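Visitor: dropping a prediction and its sequence here:
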Amino acid sequence: MSGQEDKLLATCSEDGTIKLSNMAVSSIKLDFPNPFGSALALSFSTDGKTLIAGCSKGSVIIYNTGDGSVVRKAV
C-alpha cells in the first residue's frame, strides 16, 4: 500500500493482471496488463508515482500509477 493521500493498493493475480485500487474510495483505479508472466513482487516508489513489478519470466516493469503506462522495463 502506498503512503500517499489516495491510499493505493496494488494486487496481482495468476493471469498476470495487476490491479491498482484506490482504498480511499474503495474502487479499482487501473488494470495493468502484464505480458511478462505473473507478478511475484510489487513495490511502490517512495512518492507513490510508480509501481515496480518483479515478474515470473525474470523481467522487472515500472508502471506510472497515474495513467498505467510503462515507464521502463527490463526483460
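Guide: Perfect, thanks for sending it.
Visitor: element containing residue 54, please.
Guide: Applying DSSP states H and E as the criterion places residue 54 in strand 50-55.
Visitor: elements contacting that strand?
Guide: Contacts defined by 3 or more CB pairs under 8 Å, 6 or more residues apart in numbering; DSSP states H and E place strand 50-55 against strand 18-22, strand 39-44, strand 60-64. Where C-beta positions appear, they are placed from N, C-alpha and C, glycine not excepted.
Visitor: can you do 7 Å?
Guide: strand 39-44, strand 60-64 (3 or more CB pairs under 7 Å, 6 or more residues apart in numbering; DSSP states H and E).
Visitor: so what strands line up beside it?
Guide: Strand 50-55 sits in its sheet next to strand 39-44 (antiparallel), strand 60-64 (antiparallel), going by DSSP bridges.
Visitor: which other residues reach the longest one?
Guide: For strand 39-44, contacts defined as CB atoms under 7 Å, 6 or more residues apart in numbering pick out 2, 8, 10, 12, 18, 51-56.
Visitor: and what of stretch 20-28?
Guide: For stretch 20-28, the external contacting residues (CB under 7 Å, 6+ apart) are 6-10, 19, 29-30, 32, 51, 65.
Visitor: ok, now with 8 Å
Guide: Stretch 20-28 has contacts (CB atoms under 8 Å, 6 or more residues apart in numbering) with 1, 5-11, 19, 29-32, 51, 65, 68.
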